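everything below, folded, please.
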Amino acid sequence: MAFEKGLTQSEKAFNQYTEISSIFAKIVSEEFILTWQWWLGFALFIIPWFVWFVFRKKDSTGRLLLCGLMTIILSLIIDLAALSLGLWSYPMVIIPLAPFLFLPYHFSLAPVAVMFAIQIKPKMNPLLKGVIFSALAAFGGMNLFDAIDFYNPKNWSTLYDFIIFLTLYFTAYWLTKIDSYNKLDNG
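Okay, here's the model as predicted:
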């Protein structure tokens, strides 16, 4: 009986979530769309990839894209956990498909920033580079997003953001050091 009750409650929660998603879609279409904040968020979704495509290290494209993909996956996992615990929120919604996530951060800003950080000055001490990258992202980027209402850290410390960015950077950096990137044989 408990399982059936759980299914009923789950369906009720899903219906509430669907209603909330509809409310967010209405907010985007009536309040946010075509404001300077919406255009900025939209630009942050697209422009970093164009810049990366032009300035990427061409012979490392596959390796860097793998790092970017890992950054997307990890940032989404961390964000979903934090959002479900109410640790922070994203008041500005660019695309109502995922109203609780700031999609430009996950699918553009974070992965492209990590890929650029890895390819710039490849001989630099990785610990120093990771600390500089994480400090710029956390204390610069996240505080800027807080100031323009793209991010609401609630009681979340920027130092924790720093640790998250350091984790994202070093996970991606570790992927670049894997030596088993050989072509698959056709036979």
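
which positions in the lengthiest helix in the chain come out as buried?
Once the chain is assigned using DSSP state H, the helix that runs over the most residues is helix 2-27. Within helix 2-27, the residues that count as buried by 16 or more other Cβ atoms under 10 Å are 24, 27. (C-beta placed from N, C-alpha, C; glycine too.)

for stretch 35-47, same thing?
Neighbour counts over stretch 35-47 (16+ other Cβ under 10 Å) mark 38, 41, 44-45 as buried.

what of stretch 128-139?
For stretch 128-139, the neighbour count (16+ other Cβ under 10 Å) marks 129-130, 133-134, 137-138 as buried.

cool, and stretch 108-126?
If you call a residue buried by 16+ other Cβ under 10 Å, then stretch 108-126 has these buried ones: 108-119, 126.

so where is this protein shaky, pLDDT-wise?
Across the chain, the ranges flagged by pLDDT under 70 are 1, 181-187.

would you map the helices across it?
Assigned by DSSP H, the chain shows helices spanning 2-27, 36-55, 61-84, 103-104, 110-119, 126-135, 143-147, 158-176.

which of those sits closest to residue 92?
Nearest to residue 92, of all the helices of the chain, is helix 36-55, at 5.8 Å by Cβ to Cβ.

residue contacts, the residue nearest in space to the middle of the chain?
In the chain, the residue lying closest to the centroid (Cα atoms, centre = their mean) is residue 106, at 2.0 Å. The contact partners of residue 106, by Cβ atoms under 8 Å, 6 or more residues apart in numbering, come to 72, 75-76, 79.

can I see the domain layout of the chain?
Residue ranges for the domains of the chain, per automatic domain parsing: 1-32, 33-176.

next, count neighbours for the residue lying closest to residue 142 once chain neighbours are set aside.
Leaving aside its sequence neighbours, residue 142 sits nearest to residue 161 (Cβ to Cβ, 6 or more residues apart in numbering; 4.8 Å). Counted by other Cβ atoms under 10 Å, the residues lying close to residue 161 total 21.
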